[in-house]
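> Could you look at this predicted model? Sequence included:
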Amino acid sequence: MSRVWIFGQDINTDQIIPGRFAPIMLKNEDDLRKYPFVEHRPEFAGSVQPGDIIVAGNNFGCGSSREYAPLALKMVGVGAIIAPLFARIFFRNALNLGIPCFTADLTTQLHDGQEVELVLEDGVIITESGEKIALPPPPVFLREVWAAGGIVPFYRQHGRFPGEAPR
Amino acid sequence: MAQTLSEQILSRAAGRTVSAGEVASVAVDLVMMHDSLSPSIIKIMEQELGAERVWDPERVAVVIDHVAPAATVQTAEKQNEVRRWVQRQGIRHFYDVGRGISHPVLVEEGVAQPGMVIVGSDSHSTAYGCVGAFGSGMGSTDIALAAATGRTWFRIPETVLVRATGRFRPGVSAKDLALHAARELRADGATYAAVEWHGVEFLTVMERMTLATFSIEVGAKAGIVPPVGIPQQVPDWLKVQEGASYIRIIEVNLDTLEPQVSAPSVVDNVFDLSALGRVPVDVVYLGTCTNGHYEDLAAAARILDGKHVAPGVRLMVVPASRDALLRATEDGTLAKLIAAGAALGTPGCGACIGRHMGVLGPNETCLFTGNRNFRGRMGSPDANIYLASAEVAAATALTGFITHPQDVL
């Protein structure tokens, strides 16, 4: 089961991880896992479990290009992020790291702390009552990158970028 | 069919005609990386991609600007790793501590040119739109791939047009236009799109950078000012085409535009200064790739000339680049700022990322000429950041509360 973590709108990368906690500022880069939402939601890093889902409002991840924002979320095992709109750099970074992102507004349908089942391959969330919430499928080229596990494995497998004819 | 500036630039880079909405792989002309993400970019290149060399050392630029000079032993060590890598790669466009922020530096050095596709490891890489380049920010993995292969992919963006008419009144400048656009578009109003800024041909290249850098704050992939009236050589295929398609048009009459202020803690929380009420400040911070240019230092010096900052107010001046600092030194601008009580920092990003050189403590209020007022951006999450122009910054430094430049001239 996955716990749902509800966040508001315009969650920026300084809220996900302040610049002062960048890997270059840390003695041990693995310590990055201690700091996602360190100031915005201090209880998050200590209690998030692998597979948990972030359900946020509009414009999630706006601000900086810091890839260590989605990396910190990946390090603690965030299983998916669902928001009506993602800031573009964050979306690319999350895609590149292989974190599933779905474009949907579930902030009112789900509540914070709710336990649900996320079936990634079917793109569906199943609630305690058995209700199935379908997640809109991302475009084909994004699903291909996911399937490979991120942009680097995709490039290594296919020798090309999305939008480029197979060689 | 008529094309937007982004479609013109990306079609050339894709080697075929591309239009908004499609996904295309493109050749990049320049890859920029800075000290904050370079260590992770190098690691991804070497360990995940198995790429020992960058694709073209002439077309990769590396800038030490985010923590410059180093603030801790760790940052010093990481920067030395980057310096050694730059040497091994034979990268000539390397700009070390004190040269300034990547964006103005690459423009000053002539490395960033009109019509180029430039990707940078900094969200404000939209800045290169000030010379009519398609500049876009990306994270470590995308930049590592671009540096290793010379290519990247884009969803070709639609374009939002901001069309200005008239001229700024005294005390009003490009930052006010940028903040006004954020007020209209909101923080997500141009997400996945590009912004074109028309009607601003009278601005200098660095004043245009204020608009271009700010484009990311409305979510944009690129922010381009048509390259007309600038000293750079402009390719003849690059010009605004009649009939190009815009998904949204924002009209702004500069003749009636008032100084704008973005209040904590989201960038689009923008007010006319006159509607703000009395806001006392502890710190005035003049700097960044948005408004730390020579033009900003000069505008502030005209207001501060022969006067002194209010008791209890700290005025930090961190020039965006060494060229800005040199020019301000040569014409007396800097002396006026220092005599008025300014503290001077090394050209670079300064406290914009909250790591050094004037970070804010709890409950402090800062009037900042930068681009983000997020909680914790400049240090304590309990500090308050207001965004405004260099003119408003100088007027505010004189009185100790957020002030219209006309009230002190």
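Now that the structure is in, tell me what you want to look at. Numbering: from 1, shown residues only, chains lettered A, B, ... in the order given.
> Can you pull the domain assignment for the chain?
Since you didn't name a chain, this refers to chain A. With domains defined by automatic domain parsing, chain A comprises A:2-136, A:137-167.
> let's do chain B instead
According to automatic domain parsing, the domains of chain B span B:5-252, B:261-407.
> Now tabulate the ones you listed in a markdown table and tack on mean neighbour count.
From N, CA and C alone the C-beta is placed, and that goes for glycine too. Shown next, in a markdown table, are these (neighbours: other Cβ atoms under 10 Å in any protein chain shown):
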| stretch | mean neighbour count |
| --- | --- |
| domain B:5-252 | 22 |
| domain B:261-407 | 22 |
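> closest to residue A:135 out of those?
domain B:5-252 (19.4 Å; Cβ to Cβ).
> The domains of chain A: which one's closest to residue B:172?
domain A:2-136 (26.6 Å).
> That closest one: how far from the chain's middle?
Distance, stretch centre to chain centre, for domain A:2-136: 4 Å (Cα atoms, centre = their mean, to the nearest Å).
> How about that domain and chain B, touching?
Yes: if you take Cβ under 8 Å from any Cβ of the partner chain as the test, domain A:2-136 does meet chain B, through A:10, A:12, A:14-15, A:18-20, A:22-27, A:39-40, A:58-59, A:62-68, A:70, A:85, A:87-89, A:92-93, A:96-97.
> returning to that earlier point: export the domains of chain B to a markdown table and tack on mean pLDDT?
Formatted as a markdown table, the domains of chain B follow (pLDDT from 0 to 100):
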| stretch | mean pLDDT |
| --- | --- |
| domain B:5-252 | 98 |
| domain B:261-407 | 98 |
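> what helix or strand does the residue lying closest to residue B:331 once chain neighbours are set aside sit in?
What sits nearest to residue B:331 in space, not counting adjacent residues and going by Cβ to Cβ, 6 or more residues apart in numbering or on different chains, is residue B:298, at 7.8 Å. Taking DSSP states H and E as the definition, residue B:298 sits inside helix B:294-304.
> Provide the contact partners of that helix at residue level.
B:173, B:204, B:206-207, B:286, B:317, B:319-320, B:323-324, B:327-328, B:331-334, B:336-337, B:340, B:342, B:369, B:389-391, B:393-395, B:397-398, B:405, B:408-409 (Cβ atoms under 8 Å, 6 or more residues apart in numbering or on different chains).
> C-terminal to that helix, what's the next element?
With DSSP H and E, the next secondary element past helix B:294-304 is strand B:314-318.
> What is that next one packed up against?
Packed against strand B:314-318 by the contact rule (3 or more Cβ pairs under 8 Å, 6 or more residues apart in numbering or on different chains; DSSP states H and E) you find strand B:283-287, strand B:342-344.
> For residue A:148, which of those is the nearest?
Among the helices and strands packed on strand B:314-318, strand B:283-287 comes nearest to residue A:148, with 41.7 Å by Cβ to Cβ.
> ok so, going back, which ones among the residues of domain A:2-136 next to chain B lie within helices?
A:14, A:15, A:68, A:70, A:88, A:89, A:92, A:93, A:96, A:97 (DSSP state H).
> Check the domains of chain A for me: which has the lowest mean pLDDT.
Out of the domains of chain A, domain A:137-167 stands lowest, with a mean of 89 (criterion: mean pLDDT).
> in that domain, what counts as buried?
Buried residues in domain A:137-167, defined by neighbour count with 16 or more other Cβ atoms under 10 Å in any protein chain shown: A:138, A:141-142, A:145-146, A:148, A:150-152, A:154-155, A:160-164.
> closest to residue A:120 among these?
Of all the buried residues of domain A:137-167, residue A:120 sits closest to residue A:146, with 8.9 Å by Cβ to Cβ.
> And that closest one, how far from chain B?
Distance, residue A:146 to chain B, by Cβ to the nearest Cβ, to the nearest Å: 14 Å.
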